[in-house]
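Undergrad: sharing a model that was predicted from the sequence below.
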Amino acid sequence: MMKRTTFIFATGFVLLWNSGFIGARYGLDFSGPFTLLFWRYLALTLLIFLYLALRKRFRWVGWKAAAPNMLIGVLAHGVWITCVLLALDYQVPAGVVALVVALQPLATGAFSGRTTGEQTNLYQWLGVVLGFLGVALTVSFRIDFGSTSSVFGYLIPLGSVIGITVASLIQRRMEVNKAPGKLPVDLAMFYQCLATALVLFLPAVFIEKLSARWEPEFVFAMLWLIIAVSLGAYALMWLLIERISATRVASLFYLGPPVTMFMAWVAFGDSVRIMDVAGLIIVFAGVLLAQFNNK
């Protein structure tokens with residue numbers, strides 16, 4: 001049975017992590033998606049740099065180690081969160097976005113064999129197929145096929161799945177092969193956040209002119225996304241990994257869709273339709289199937 005402290009950490013992680021969808025939606029009322037993310041990751045880069053400098057741990061690791069971590073950052077942070085924000089900006093409900101993004105662990109598990117040599121069994125592939133069917137069911141009943149904007153909006157979250165799946169596979173390959181690019185968590189996060197901020201700078205400036213209304217609500221949303229989500233949830237995740245297996249920690253991400261749907265209902269009055277629930281059930285069935293006989 002999960003100990004009380006671990007349970008508290010797990011609950012805090014789930015709530016903080018999934019509140020990122022809600023905080024992002026609040027922030028989009030005052031800024032474009034690229035601008036919001038640029039300021040967020042610029043602030044994160046500076047905060048992590050100060051932390052490393054104060055602890056005398058900051059160092060240049062060379063391009064051989066920095067490059068793969070920067071690529072992981074662009075994919076896992078830049079592409080993943082940008083696609084989430086763009087989907088929210090296209091009025092896709094936060095809970096539906098979270099449901100699509102929940103396919104990532106399934107996809108990562110299924111495709112890891114092709115990049116690391118680890119065996120991918122039939123149950124994992126069936127789980128991926130079932131998961132995608134669950135998402136397709138939910139999306140098909142919400143999408144307006146007569147609107148190009150609606151179709152595009154509901155397809156955007158798939159970019160998040162692709163981005164973070166590729167990033168996860170690169171990270172996993174580095175760990176399996178004991179590549180020199182593997183860095184301590186805090187140092188790796190610095191290079192990942194730095195690369196994300198640099199990549200987002202161009203679209204933030206040339207597409208959105210770095211335009212933002214720095215009203216109290218926007219400042220609070222930014223502080224929440226930076227401190228509570230990016231730092232708080234991430235810290236809780238590593239505390240959990242120290243106490244329970246990585247597989248059990250990863251399973252907490254599957255709570256994302258129902259938790260986000262509930263938060264979006266409370267915060268914005270988003271409706272939860274019967275096909276949303278049906279899609280959730282099918283996706284969870286795919287998750288269970290992927291775990292079966294998974295050695």
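TA: Nice, I can see it.
Undergrad: show me what counts as buried in stretch 50-70.
TA: 52, 61, 65, 66, 68, 69, 70 (16 or more other Cβ atoms under 10 Å). For every residue, glycine as well, the C-beta is placed using N, CA and C.
Undergrad: nope, stretch 143-161 is what I was after
TA: Buried, per 16+ other Cβ under 10 Å, within stretch 143-161: 143, 150, 153, 154, 155, 156, 157, 158, 159, 160, 161.
Undergrad: ok, which pair from those residues is furthest apart?
TA: 150 and 161 (19.1 Å; Cβ to Cβ).
Undergrad: quick check: next helix or strand after the lowest-mean-pLDDT helix or strand in the chain?
TA: Ranked by mean pLDDT, DSSP states H and E, the weakest helix or strand in the chain is helix 246-251, scoring a mean of 64. Scanning forward in sequence from helix 246-251 by DSSP states H and E, the next helix or strand is helix 256-268.
Undergrad: which elements pack onto the helix or strand just after that next one?
TA: With elements assigned by DSSP H and E, the helix or strand that comes after helix 256-268 is helix 274-291. Judged by 3 or more Cβ pairs under 8 Å, 6 or more residues apart in numbering; DSSP states H and E, the packing partners of helix 274-291 are helix 94-101, helix 104-116, helix 122-140, helix 256-268.
Undergrad: how far out from the middle of the chain is helix 274-291?
TA: 19 Å (Cα atoms, centre = their mean, to the nearest Å).
Undergrad: what do you get for stretch 10-24?
TA: On Cα atoms, centre = their mean, the centre of stretch 10-24 falls 11 Å from the chain's centre.
Undergrad: what residues sit buried inside that stretch?
TA: 10, 12-24.
Undergrad: and which of those is nearest residue 253?
TA: residue 17 (7.8 Å).
Undergrad: distance check, the closest residue to that closest one other than its chain neighbours against residue 21.
TA: Closest residue to residue 17 apart from its sequence neighbours, by Cβ to Cβ, 6 or more residues apart in numbering: residue 233 at 4.2 Å. Between residue 233 and residue 21 the computed distance is 12 Å (Cβ to Cβ, to the nearest Å).
Undergrad: need the residues that contact the top helix by length along the chain.
TA: Counting residues, the longest helix in the chain under DSSP state H turns out to be helix 4-27. Applying Cβ atoms under 8 Å, 6 or more residues apart in numbering, the contact partners of helix 4-27 are 2, 36, 81, 84-85, 88, 94, 97-98, 217-218, 221-222, 224-225, 228-229, 232-233, 236-237, 239-240, 243-244, 252-253, 255-256, 259-260, 263-264, 267-268.
Undergrad: now list the buried members of those residues.
TA: 36, 81, 84-85, 88, 94, 97-98, 218, 221-222, 224-225, 228-229, 232-233, 236-237, 239-240, 244, 252-253, 255-256, 259-260, 263-264.
Undergrad: so where's the stretch 101-250 of the chain uncertain?
TA: 106, 109-110, 112-121, 124, 175-181, 244-250 (pLDDT under 70).
Undergrad: all helices of it, in order?
TA: 104-116, 122-140, 148-155, 157-176, 185-206, 216-223, 234-243, 246-251 (DSSP state H, counting those that start in this stretch).
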